[in-house]
Every structure is written in structure tokens, then in C-alpha cells.
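Asks: Pasting the sequence and the predicted model now:
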Amino acid sequence: MFLSDMFPEITVLGKAISSYGICCAAGILAAVLFVYISDRKLSNREAGDVEMIFWISVVCTVAGAKILSWITQGPSIIADIGYLFTDTRAFITTYVNSGFVFYGGLYGALIGALAASLALRYPYGDAAFRLSPVIPLFHGFGRIGCFLTGCCYGKEAFFPWMGIAFTHSAHAPNGIALYPVQLWEAAAEFILFFVLVRTAGKFGRETNQAAIHSFVIGKNETPRTDGARRITGYRMLGTYMLAYGILRFVLEFLRGDVYRGFIGALSVSQVISIPTIAIGAALLLYARRHRRARG
């Protein structure tokens, strides 16, 4: 069993800053760097479209995560609504400043990206190709923040050596070896990020090889890759949704926090994981069929 001192806040220049907020900020910074570095090879117009879709998705991520949090906390909010007038600061701290649900953020981002793509007349598959890796990259940092804060904690470990015991957590039980599900999920997210980046890189290498082949055999035209890139984008997004849906469904059985909401025997996140897995599988099937059709 490993002991872990909590770092819910980090003091910078005499001011306490939330560790979760710092990790989320680091995740956004990493995502921004990834997007802007990836856009260097694009035309100014296309890079502008991708960046606009990205920032709209960020806003929709925050909105969606908060809305789903309010939905899962509905009964508590109704019970505490009186504090909005008698203890406004405590009410805002509890229900506005804290509490975000990832699945709400994910679907908020997907819907925001779709709306922005339609408005800009930018193919959604191309947006998925450019931005899919950003999702697990950001979320991995967020889960590290969860661990530092002590929220989203795991159940008591069957074998103590498999768990981590918190010592000063305001959320998780202290002194008990708990499954470090936050760190497991963070590690899986970073692995997914590298898988998606490799998929995009493989597409780029295949495109370059096709261009070289055309040059060698004497063709002057550059092979059209727009359709293939869109199909790859759908495949990348489908890979993420399928893999993460399965991962989250399984990890929820090891979660120990009860305030995340339940529908029957399943947590809210497990219920949402089911259509997420289905959507991911459908996107992969769509990409596979269209890739075969293109030969």
C-alpha cells in the first residue's frame, strides 16, 4: 500500500491555486500547442477554420460538462436551493465552481465541433482528423488533477499493495488502500492519444508515398486525399469512442465515489458508455466500408 499526501491546492506567490485547475490548464495548453503545431502545414484559411472549431469545442466542453453535472446533482440542487439566497457563496462554490462530468464535456465538444463545421462548411471528418487526439490528451491531464484532489476515487483495493491510501483527502476515505482509477484512466488516455497521433502520421506517410509513386510513373497530378483524410478522421474518432467507452464502463465498477449518480445498477457514466461504444463501432464500420469502396 502506498501513502499519498493530498495536493488539492498549490501555493504560488502566496495564493492557493486548485491542483485540478492547474492540471486542466496544463491539458488545455498541451491541446493548444498540439493544434497550432499541427496546423503549420495547412493553408491560412484551413488553419483558421480548424482553430475556430477547436475553440468553440473548448467552450462547449465546459458547458456540457457543467450541464451534465447539474443533471446528476439535480436532487441535491433542489434540496439546497434555499442556500442560493441564504449562503450564496457556498452554493456557488458547490454547484457552479466545482463539479464537471467528462461525458457531458465530450458530447458538448462533439456537438460544438459539428455546429462549427457546418457553419464554416468544413468537413466534419477533417475536423475529427485534426482534433480527435486532443480529447484524450486533455482528459489525461484532467484525471491527474482528479487524483491530486482526491475526487473520482476507487473502491478499497482487494490487495492493499494494489492501492493508494490518501492521508488528507476531503473527498476520499483516508488511510484505506483504494484503487488508483484516476491514474489508470490517465495512463490509458495518454496511450490513446499516441495511438491516434500514430494513425494520423501513418495516413500522412501513405499520402507522401502515393505522391512519390505518381511522380515516378510520370503523372503530373497530385493524388486527391480529401476523402481519404475524412475517412481516417472518422476512424480516429471511432477508435477513441469505442476504446474509451469500454474503458470507462469497466473502470466504473472499480469507482468508490457514490455522488456521480446511478440509473438502476449502473452509474450514469456506464449508461452513457453504452451509446458511446455503439457510436464508436458505427464510425469504424462506416470508415471501413468507405475505405474499401475507394479501393
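Replies: Cool, the structure landed.
Asks: For I17, pull up the helix or strand it's in.
Replies: Element membership of I17, judged by DSSP states H and E, is strand 15-18.
Asks: so after that strand, what's the next helix or strand?
Replies: Note on strand 15-18: by DSSP H and E, the next helix or strand toward the C-terminus is helix 19-38.
Asks: Counting neighbours, which bits of that next one end up buried?
Replies: Within helix 19-38, the residues that qualify as buried are 19-20, 22-24, 26-28, 30-32, 34-35, 38, counting by 16 or more other CB atoms under 10 Å. To be clear about C-beta, it is placed using only N, CA and C from the backbone, and glycine gets the same treatment.
Asks: Turn the residues you listed into JSON lines, columns for distance to I92 and pLDDT.
Replies: Below are the buried residues of helix 19-38 laid out as JSON lines (distance: CB to CB, whole Å; pLDDT from 0 to 100):
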{"residue": "S19", "distance to I92": "20", "pLDDT": "83"}
{"residue": "Y20", "distance to I92": "17", "pLDDT": "85"}
{"residue": "I22", "distance to I92": "21", "pLDDT": "90"}
{"residue": "C23", "distance to I92": "22", "pLDDT": "92"}
{"residue": "C24", "distance to I92": "19", "pLDDT": "91"}
{"residue": "A26", "distance to I92": "25", "pLDDT": "95"}
{"residue": "G27", "distance to I92": "24", "pLDDT": "96"}
{"residue": "I28", "distance to I92": "23", "pLDDT": "95"}
{"residue": "A30", "distance to I92": "29", "pLDDT": "97"}
{"residue": "A31", "distance to I92": "27", "pLDDT": "96"}
{"residue": "V32", "distance to I92": "28", "pLDDT": "96"}
{"residue": "F34", "distance to I92": "33", "pLDDT": "96"}
{"residue": "V35", "distance to I92": "32", "pLDDT": "95"}
{"residue": "S38", "distance to I92": "37", "pLDDT": "90"}
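Asks: Just give me the closest of the residues you listed to P75.
Replies: Here the nearest of the buried residues of helix 19-38 to P75, counting by CB to CB, is Y20; it sits at 24.2 Å.
Asks: Please verify my assumption that that closest one contacts C152.
Replies: No: at 10.1 Å, Y20 and C152 do not qualify as touching, with contact defined as CB atoms under 8 Å.
Asks: Pull up the overlap in contacts between these two.
Replies: Here Y20 and C152 share the contacting residues C146, scored by CB atoms under 8 Å, 6 or more residues apart in numbering.
Asks: just checking, G245 touches A282?
Replies: No: when contacts are counted by CB under 8 Å, G245 is not listed as touching A282 (11.8 Å).
Asks: So for the two, which residue has more residues nearby?
Replies: For G245 versus A282, neighbours defined as other CB atoms under 10 Å are more numerous around G245 (23 against 15).
Asks: Assign a three-state SS to the more buried one, would you?
Replies: Here G245 is recorded as helix under DSSP: H, G, I helix; E, B strand; the rest coil.
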